[in-house]
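**Student:** the following block contains a protein sequence and its predicted model.
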Amino acid sequence: MKRREFFTNSLAVAGTMAVGGTSPSLLSAEPQNAPEFRTLPGLTKYVADFIMNTKYEDIPADVLELGRKSILDGFGLALAGSVSEMGPLVRQYLGNMASSGAKASIIGSGMKVPARFAALANGIFIHADDYDDTQLSVAADRIYGLLTHPTVPVLPPVFALAELNRYSGRELTVAYHVGVEVECKIAEAISPRHYGDGFHTTGTIGAFGSVAACAKLLRLNEKQLLIAIGIAASEAGGLRNNFGSMTKPFHAGRAAESGVVAADLASMGWTASEEILEARNGWFHAAGGGFDPGAIMNRLGKPWTFKDPGVSIKPFPSGSLTHPAMGEMLRLVTANNIRPADVEKVDMGGNSGMMVALLHHRPTDALQGKFSMEFCMAILILQRKAGLTEFTDPIVRRADVQEMLRKVNFYVDPEAEKAGLNKMTSILRIHLKDGRIISGRAEFAKGHPSNPMSYEEEADKFRGCAEFAKWPSAKAETVIQLMKTFDSLPDIGRIAAALTL
């Protein structure tokens, strides 16, 4: 059965249930329309075996290099996120959990808390500004990889556990790559219905990346690993209706925390399903209604996701679907010296997936502005830059910004739609008051594998995040230099010291 046909059948079952109510035939243990679903026994075991058996030597050198950039990216974003409006709330919430015996650091502070809470805090911080890396897609029916952010659910828990147990940079690196790989392949496999029906994949699928990384670092045996995956599946959560609020970063933080909890419980003898991915009442069926076995079985590390299709590092602190248009708008405004007073109207055409995700057309705060194509276009016309300082509440609410964003017509363009949901085709037409129309088109943004950031460019992004957090420049430079030889560090204590007070 073809991939698209299988998903169609899965959706048909869901639709029949919605129309027909609680039909006994549909709720029985032998549903007639899903025989394909039960043909992959051993999937959870396959994932567990990959986690358990993967060695540092199995990871290609170019994949390791790409991972180092994303890890540096994550550390910088945690510093920036620590001074977001969520920072004081997170520290207030975790204040009573800090103790002299706790050893896991909250980045950007001097607080030490148990590992699970450090993972929660640092996960929230990394995702606070929506500036973190993004999974790409290998199939046209996937909205840009289902918009999973690979690093944020995985780096915080392994950083916390590595600091707690004085693990080496190499040990952290292996666990990080295993976690990202499991997370991204599960995202590729699940039916697009999962995202389309409102789940936020960084929160849901991110929990699997976190538990994979934690289980690897803690050296769980196979039975413990199967159980840890089963626990994490029940912890996974996150709904896209919370985009544009503090709860979107909370999804990422909870996913990061979930892996620590699941791995700890499994190591103590907790029980859970040992076939949670493939079971009839398990993850893929309940969360997506179906999945593509060929996208995950025998595919982990073949190729590594960092290598193909790749992971994109963000050039702007907003939803990734805005970035090609933003890069092209900045180019057009600069090349043509377009002044705000010159602009009559802007047409920005994208695909339906972009329209669904960028849902705030009249944003009133910075979090909404991150998911507003209209704001992203307006701020570049007005200020020719869109960094952390531009995505703030006062700027979003400014009268000239609100006036300009109302001139932006964000719509579904048939040409962009035809290009596929896995792309971010953006078609721009800037209508000037003198009658001229300035046109442009972009498929990808800076940071995409087709136009990657070098290590030095990522280091500059890290410096910008550190400066935004008013972090000491000497400490920032220490992190940048240590990350160049991260895999050879005997433990990650020096990096932890440079990221904390």
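**Tutor:** It's in.
**Student:** C-alpha only now, for contacts and for neighbours.
**Tutor:** Will do.
**Student:** in stretch 252-268, what's buried?
**Tutor:** Across stretch 252-268, burial judged by 16 or more other CA atoms under 10 Å covers 252-267.
**Student:** which of those sit farthest apart?
**Tutor:** Farthest-apart pair in these is A252 and S267; separation 23.5 Å (CA to CA).
**Student:** in three-state terms, label the residue nearest to P150 when sequence neighbours are not counted for me.
**Tutor:** Once flanking residues are discounted, P150 sits nearest to V180: 5.6 Å by CA to CA, 6 or more residues apart in numbering. In three-state terms, and counting by DSSP: H, G, I helix; E, B strand; the rest coil, V180 is helix.
**Student:** hmm, who's touching stretch 334-350?
**Tutor:** With contact meaning CA atoms under 8 Å, 6 or more residues apart in numbering, stretch 334-350 is reached by 325, 332-333, 381-382, 384, 407-413, 416-417, 424-434.
**Student:** hmm, which of those residues are the buried ones?
**Tutor:** Buried by 16+ other CA under 10 Å: 325, 332-333, 381-382, 384, 407-413, 416-417, 424-432, out of those.
**Student:** just the residues you listed: which are in strands?
**Tutor:** 408-412, 426-432 (DSSP state E).
**Student:** quick one: S210 and V154 touch, right?
**Tutor:** Yes - look at S210 against V154 with CA atoms under 8 Å: they come within range, at 4.7 Å.
**Student:** now list whatever residues contact both of those two.
**Tutor:** 179, 256.
**Student:** who has more neighbours out of those two?
**Tutor:** S210 (40 against 36; other CA atoms under 10 Å).
**Student:** so who does the residue nearest to P150 touch?
**Tutor:** Shown in contact with V180 (CA under 8 Å, 6+ apart): 150-151, 154, 209, 213.
**Student:** likewise for M373?
**Tutor:** Each residue near M373 by CA under 8 Å, 6+ apart is listed here: 322, 358, 360-361, 410.
**Student:** what about the residue nearest the centre of the chain, distance to V408?
**Tutor:** The centroid of the chain falls nearest to H149 when counting by CA atoms, centre = their mean (1.2 Å). H149 sits 28 Å away from V408, going by CA to CA, to the nearest Å.
**Student:** ok, F75 next?
**Tutor:** For F75, the distance to V408 (CA to CA) stands at 34 Å.
**Student:** and L77, by the same measure?
**Tutor:** Taking CA to CA, one finds L77 at 29 Å from V408.
**Student:** which helix or strand contains D434?
**Tutor:** Per DSSP states H and E, D434 falls between elements, in no helix or strand.
**Student:** now the one 4 residues further on
**Tutor:** With the criterion set as DSSP H and E, the secondary-structure element containing I438 is strand 437-442.
**Student:** name every strand pairing with that strand and say which way it goes.
**Tutor:** Here strand 437-442 is paired, per DSSP bridges, with strand 426-432 (antiparallel).
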